[in-house]
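1. Following is a predicted model, sequence given first.
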Amino acid sequence: MSDEKELRYDPAAIETKWQQRWAADPKLYAAEPVSNGKPKYYVLEMLPYPSGQLHMGHVRNYSIGDALARYMWMRGYNVLHPMGWDAFGLPAENAALKNNTPPREWTLSNIAAMKRQMQRIGFSYDWATEVTTCLPEYYRWNQWFFLRMYEKGLVYRKKSKVNWCPECATVLANEQVINGYCWRHEDTLVEQRDLEQWFFRITAYAQELLDGLDKLEGWPEKVRTMQRNWIGRSEGTEIDFAVENRSEKIRVFTTRVDTIFGATSVQLAPEHPLVTALAQADAGLKVQVSTLIEEQKKARESGDVGAIEKHGVPTGHFAINPYNGELIPIWVANYVLMDYGTGAIMSVPGHDERDFEFAKKYAIPIREVIRPVQNEVGVKLPFVSEDGVLVNSGEYNGLSCAEAQKRLQEVAVRNAFGEATVTFRLKDWGVSRQRYWGTPIPMIHCERDGLVQVPDEQLPVLLPEKIEITQTGGSPLSRVPEFVNVKCPKCGHAAKRETDTMDTFVDSSWYFYRYTDAKNANAPFDSSIAQYWFSIDQYIGGVEHAILHLIYSRFWTKVMRDLGMIKNDEPAQRLFTQGMVIKDGAKMSKSKGNVVSPDDMVARYGADATRMYALFAAPPDRDLDWQEDGVAGISRFLGRVWRLTAKHAPAARAVASEPQNSSKTQEGGALMRKLHQTIAKITHDFEGRWHFNTCVAAIMEFVNELQAADAQLTSGEVPAAVVRELLHNLVLLLAPFAPYLAAELWEELGSQGATLHLSDENPPPGTPILRAPWPKCDPGLAKEDEIEIPVQINGKLVTVVRVAPDADAKAIQAAALADEKVHARIAGKTVVKVIVVPGRAVNLVVK
């Protein structure tokens, strides 16, 4: 390096140089063929929506995955580290309206801009595997999967009450409604509408999705709990209540059949078929039911039906309890939902808080039928615990709740008025969307043959490029005659295409399989290649995807397995959910005006400093409070590394050209010890807890010790071979976190092809640092010459003594008693007892 270079760290020059070099080597980040013989490692960050600009949340997410990918390359793994674009979606249509820009043009322009940002920051993606979900070569296979699932009975169409976002002008899945509001438009209340919709039968896999969570030990427990709750398995009994003087029966589901003798009414959802039938013959009831329907609709739209003010009306009809023949009144209640369970409940106010509230309001009898064990006088109602025994329940009195549930369920089955049942909160996935920018559903409506599949050879069904987008009046595709009007592939007569498009979560449910074989024109992917790479070894993304994307992708994996395409049951072995980036007390977002542009940070401080700060400022699973001063601080630290290495690089290069005896690296005692302790810490963090913030801190501590010993390094007191070893491995440790600077220093040190003391293999000349072996810790060199042992007298800390790490109790006791401070404290007193915990502490008991 020249004197001028030594004076100033110039990240712009360094990073531009290496960005150009890396771009000229398309194989640099490419995975090797599956036959390479190396262990594989598939690391993946969730693909972004191409909004046009990366934000610091993206940078943090991708920096975590990039550091891991680089580490695994250096560990000798065959690494797959791809990137793509979740490119369908509503924002492109909004842009078309505001800017008069076609969605495809807007999307591809944004992709190009964000890709340039990623390349400038230096993320190690293999762009040969890039996937863009809005291109026909990808969404063709969405359509292909739809048809295979339709053939398997996993796709169906029905009229359904759906969630409708007025702002999106489309249907939302249940998972996309957050507290009654649209997941995209947080201030837009979701409405309820009745529409013909396409559904994926995800409920066919409900039990397997639930059971599989127990095997996902590498996933955060928070995510697994959220999925368990969303799937919502309930075991219970379905019971038929006959209706007095009518032919209908009311089927109810209960998890507490042990309370059946406490049922004092049956309550129906306002839209229950029996309510409809009864209201047709009773005009007054019809008016009252209409009011309840309207109340329920408003409660749904506000997002909290459970908090609805409970109203009900009696029908004047009675149901018959099948266990004892008791007549109990039938009510219609606004808090009972038709699309949850059977749309009917048996109301047991003595043992359910919601039923109790309703019964008190309408003077419905409240009966105690469960009492705590060894409680003769009963308890305050409602008593909801299952830790009790039955009372006022005829021949079942005295049975425990568990035993009564078993016996009463057997009675229902034996007498054919009920059965054991498992229900799930999870509903089938509604995938119809009334918008343009999504995958066309490959179905045709024929007056003669009904629903007809588009033949595989006619895929993809292409989106028309010239189209008017209004976000009103249903799907824009319905207004394009050349798209809609087709010949039926079955009968040849005039027919019409389906004009709904698929939910964009379809795109992200299987994209990571396409990465393994991204250019395949004959299949979604080659099964043998996918078999090699799956399951994903490490998946990284935000916890906000715990319900939507992560349940859908698990479902899709199981469907593909059952289609014979793959063998794995789950898409990812391990999942990591990073914290958010916070600024001014709130999550960074355009709406809050607190977004920090990575471009600005890179221009001021360099890409290495920007990404290294994102890893250093907080543990990766915690929220990061953004402070630009922190980026500047990292930049100053990298400048110190630059100047330190610049000063000693000539000597290190000279040594590297000569054969070295590795025993020379035993010299330089304290510095070598710190090096090996740093290697051990960073390696441990990569293999386990992922506290990259402490990894960076450990590198800083090591650099501080090197700078403190600068005089010894310069004078030759520390041998040149040791200096080379120290700097060489400093650069290797820095490589996952600051790859540009590491590449520059690696070249300046002449490390390519140098004999390495800390690895099992030597890279050939010209080896990039990305492929250099990761350093290994020598426990002997990392071991401290002495350790500090605290000494207490009667439980109070008095001093600290230094002893050999392997000192026995006798030697530690002798050192403690020889200490001057201890001498002073015990003078004139009697040492009653000396307690020594080797390697930990000494405690003297004196009188």
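-> Structure's in. What do you need?
2. Low-confidence bits of the stretch 1-150 of the chain, can you list those?
-> Within the stretch 1-150 of the chain, the segments meeting pLDDT under 70 span 1-7.
3. do the same with the stretch 651-800 of the chain
-> Scanning the stretch 651-800 of the chain for pLDDT under 70 picks out 656-667, 751-766.
4. Please repeat the previous calculation with a cut-off of 50.
-> Scanning the stretch 651-800 of the chain with the threshold set as pLDDT under 50 gives 659-666, 753-760.
5. what's the neighbour count on the nearest residue to residue 154 once chain neighbours are set aside?
-> Spatial nearest neighbour of residue 154, excluding adjacent residues (Cβ to Cβ, 6 or more residues apart in numbering): residue 201 at 4.6 Å. All C-beta spots, glycine's among them, are computed from the backbone N, C-alpha and C. Neighbour count for residue 201, taken as other Cβ atoms under 10 Å: 17.
6. same question, residue 627
-> Per other Cβ under 10 Å, the neighbour tally for residue 627 reads 12.
7. For the nearest residue to it once chain neighbours are set aside, which residues are in contact?
-> In space, and not counting its chain neighbours, residue 627 is closest to residue 617: 7.2 Å by Cβ to Cβ, 6+ apart. Residue 617 makes contact with 624, 625, 626, 627, 630, 693, according to Cβ atoms under 8 Å, 6 or more residues apart in numbering.
8. circling back: contacting residues around the residue nearest to residue 154?
-> By Cβ under 8 Å, 6+ apart, the contact set of residue 201 is 153, 154, 155, 156, 428.
9. wait, the third one sits on residue 200?
-> I take that to be residue 155. Yes. The pair residue 155 and residue 200 qualifies as a contact (Cβ atoms under 8 Å) at a distance of 6.1 Å.
10. Need the overlap of contacts for those two.
-> Counting by Cβ under 8 Å, 6+ apart, the residues touching both residue 155 and residue 200 are residue 149.
11. Just the pLDDT for the residue nearest to residue 627.
-> For residue 617, the pLDDT comes out at 94.
12. Check which helices and strands the longest helix along the chain sits against.
-> Criterion DSSP state H: the longest helix present in the chain is helix 628-656. Using 3 or more Cβ pairs under 8 Å, 6 or more residues apart in numbering; DSSP states H and E as the contact definition, the elements that helix 628-656 packs against are helix 3-7, helix 598-605, helix 607-616, helix 692-708, helix 710-715, helix 720-734, helix 739-748.
13. Give me the contacts around the strand or helix carrying residue 150.
-> Under the criterion of DSSP states H and E, residue 150 resides in helix 136-151. Residues outside helix 136-151 that contact it (Cβ under 8 Å, 6+ apart) are 88, 131-133, 155, 200, 439-443, 453-454, 456, 459-462, 502, 506-507, 510-511, 514, 521, 523-524, 556, 559-560, 563.
14. buried subset of those?
-> Buried members of the contacts of helix 136-151, scored by 16 or more other Cβ atoms under 10 Å, are 88, 131-133, 155, 200, 439-443, 453-454, 459-461, 502, 506-507, 510-511, 514, 524, 556, 559-560.
15. Cross these against helices and list the overlap.
-> Short answer: the buried ones among the contacts of helix 136-151 in helices (DSSP H) are 511, 514, 556, 559, 560.
16. closest to residue 40 among those?
-> Nearest to residue 40 among those is residue 514, at 17.2 Å by Cβ to Cβ.
17. And that closest one, how far from residue 502?
-> 16 Å (Cβ to Cβ, to the nearest Å).
18. count of residues packed around the closest residue to residue 515 other than its chain neighbours?
-> Of all residues not flanking residue 515 in the chain, residue 82 sits nearest, at 4.1 Å (Cβ to Cβ, 6+ apart). Neighbour count for residue 82, taken as other Cβ under 10 Å: 24.
19. what about residue 82, which SS state?
-> With DSSP: H, G, I helix; E, B strand; the rest coil as the basis, residue 82 sits in coil.
20. same check, this time on the one 10 residues further on
-> Secondary structure of residue 92, reduced to three states by three-state DSSP: helix.
21. try residue 422
-> Secondary structure state of residue 422, per three-state DSSP, is strand.
22. List the contacts of it.
-> The contact partners of residue 422, taken as Cβ under 8 Å, 6+ apart, are 207, 233, 234, 235, 236.
23. picking that back up, can you flag the buried ones in the contacts of residue 201?
-> Buried by 16+ other Cβ under 10 Å: 154, 155, 428, out of these.
24. now the nearest residue to the second one once chain neighbours are set aside: how far from residue 161?
-> The reference is to residue 155. Of all residues beyond its chain neighbours, the one nearest residue 155 is residue 149 (4.7 Å), with distances taken as Cβ to Cβ, 6+ apart. To residue 161, residue 149 is 23 Å away according to Cβ to Cβ.
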